[in-house]
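Enquirer: When you get a sec, could you give me coordinates for this:
(2 chains)
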Amino acid sequence: MIRLLQALREAGVLLLVAAALGFIHTAATEKGMFARPAPALAAQSAGLPAPAMVTRDQAQVYFDSGTAAFIDARHEFDYKLGHIRGAINIPLRMYETKKAALDTIPKSRLLVVYCDGAECNSSIELSVKLTKDGYTDVKIFFGGWSEWTSSNLPIDKSP
Amino acid sequence: MKNLLSNPHLVLVTRIFIGLLFIFSSLDKIVDPSAFVRSVADYGLLPSWMPAIIATILPWVELLCGFGVLFGLFLRGTSLLLSAMLVVFTLAVMSALLRGLDISCGCFTQDPAAGHIGWMKVVENTSLFALTLFLYFSDTTKFTLIEYLQKSGNEQHHSPQAKTTINP
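Expert: Numbering: from 1, shown residues only, chains lettered A, B, ... in the order given. A predicted model of the protein is given here:
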């Protein structure tokens, strides 16, 4: 019992020190949670124009008109639970293996990329990759899945 | 078992192995926390705001625990933390495998092209868990920095020169 109490005390102190070091390091280096999520930054480093952000209303207009292909940057598991109707799933981390799903889409077609919502950056990073691969009209629906579902817009579920 | 737990050489070898392993595994995560955020998020177990916080703190916990175990400092606390972390890691990997996720581990490298998780990872983590638990229950301070400091402290205390400097 004494051993456990001593261990818990030490573990608590270690956690606090680790948290302090972690926050100081990531803040000082502007990485991780302190990284600037602006698409401009990612695009800038790739030497490309920054993809534009679209609001939910604009995304809905694109959806209703059928002019855009929606790209879901989330994980396959989340996609299967539900996604914007007709969206193509290209998880950011599996871009190289999944991008073949876009082979039939012309490079000039409007692509609207989304992920969970304002707290994820996958849509931004995926849009940069798509732009790099020659897609000329890529937009980010930053409100993503959470805004789409909270407005009860059309979704699909995969088995 | 009692003999094993107080065998200083066995404890030392385990400390060096576990210590270096966790120091090594923390480095890539500290260098590229953003990649680690994605690795954590890929498991799909946490609300979207949590991976960033975990990716900020966890690598440093691994680094501190790695050094702690290596030098035998706060061995109880560090080995307990590592055991608890390994339980969580193992459960996360198992849950991902059961859900059929094809993701990379994010354990030692953040390179997405690195090998993906499989049941071997569960075996590996369980073995590491056993070793950290062994360190937690070990009861020898031999070959630790603490022992070294205590020894040198005692020597100083008993040497007449030290006495004269302390009580002139």
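
Enquirer: use CA for all of it now, contacts and neighbours both
Expert: OK.

Enquirer: could you measure the residue nearest to B:Thr144 when sequence neighbours are not counted against B:Trp49, distance?
Expert: Nearest-residue entry for B:Thr144: B:Gly72, 4.6 Å, with adjacent residues in sequence omitted and distances by Cα to Cα, 6 or more residues apart in numbering or on different chains. As for B:Gly72, its distance to B:Trp49 is 35 Å (criterion: Cα to Cα, to the nearest Å).

Enquirer: Same question for B:Gln150.
Expert: Distance from B:Gln150 to B:Trp49, by Cα to Cα: 45 Å.

Enquirer: Those residues of chain A touching chain B, which are they?
Expert: Taking Cα under 8 Å from any Cα of the partner chain as the contact definition, chain A meets chain B at A:3-4, A:6-11, A:14-15, A:18-19, A:21-23, A:26, A:31-33, A:35, A:75-78, A:93, A:116, A:119-120.

Enquirer: Buried ones only from those residues, please, as a PyMOL command.
Expert: Here is the PyMOL command that selects the buried residues among these (16 or more other Cα atoms under 10 Å in any protein chain shown):
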select buried, chain A and resi 7+8+10+11+14+15+18+19+21+22+23+26+31+32+33+75+76+77+78+93+116+119+120
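
Enquirer: Which of the residues of chain A next to chain B fall in helices?
Expert: Counted as lying in helices by DSSP state H, out of the residues of chain A next to chain B, are A:3-4, A:6-11, A:14-15, A:18-19, A:21-23, A:26, A:76-78.

Enquirer: B:Gly72 and B:Trp49 - which one has more neighbours?
Expert: B:Gly72 (27 against 14; other Cα atoms under 10 Å in any protein chain shown).

Enquirer: pLDDT at the residue nearest to B:Thr144, what is it?
Expert: Looking at B:Gly72, its pLDDT is 91.

Enquirer: these two touch, right, it and B:Tyr148?
Expert: No: with contact defined as Cα atoms under 8 Å, B:Gly72 does not count as touching B:Tyr148 (10.2 Å).

Enquirer: Just confirm B:Leu63 contacts B:Phe22, I think it does.
Expert: Yes: the pair B:Leu63 / B:Phe22 is scored as a contact, 6.3 Å apart, by Cα under 8 Å.

Enquirer: Contact residues of chain B facing chain A?
Expert: Residues of chain B lying near chain A (Cα under 8 Å from any Cα): B:32-35, B:37, B:42, B:44, B:48-49, B:52-53, B:55-61, B:64-65, B:74, B:76-78, B:80-81, B:99, B:101, B:112.

Enquirer: now the residues you listed: which count as buried?
Expert: If you count burial by 16+ other Cα under 10 Å, the buried members of the residues of chain B next to chain A come out as B:32-35, B:37, B:42, B:44, B:52-53, B:55-61, B:64-65, B:74, B:76-78, B:80-81, B:101, B:112.

Enquirer: element containing A:Phe70, please.
Expert: In the assignment (DSSP states H and E), A:Phe70 maps to strand A:68-72.

Enquirer: what residues does that strand touch?
Expert: For strand A:68-72, the external contacting residues (Cα atoms under 8 Å, 6 or more residues apart in numbering or on different chains) are A:62, A:79, A:83-84, A:86-91, A:109-115, A:123.

Enquirer: Likewise for stretch A:14-29?
Expert: For stretch A:14-29, the surrounding residues in contact (Cα under 8 Å, 6+ apart) are A:32-34, B:33, B:56-61, B:64-65, B:77-78.

Enquirer: Make a markdown table from those and add secondary structure, pLDDT and distance to A:Ile140 to it.
Expert: Below are these laid out as a markdown table (DSSP: H, G, I helix; E, B strand; the rest coil; pLDDT from 0 to 100; distance: Cα to Cα, whole Å):
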| residue | secondary structure | pLDDT | distance to A:Ile140 |
| --- | --- | --- | --- |
| A:Gly32 | helix | 76 | 21 |
| A:Met33 | helix | 77 | 20 |
| A:Phe34 | helix | 77 | 21 |
| B:Pro33 | helix | 85 | 23 |
| B:Thr56 | helix | 93 | 26 |
| B:Ile57 | helix | 95 | 30 |
| B:Leu58 | helix | 96 | 31 |
| B:Pro59 | helix | 96 | 31 |
| B:Trp60 | helix | 96 | 33 |
| B:Val61 | helix | 97 | 35 |
| B:Leu64 | helix | 97 | 39 |
| B:Cys65 | helix | 97 | 41 |
| B:Gly77 | helix | 94 | 46 |
| B:Thr78 | helix | 96 | 44 |
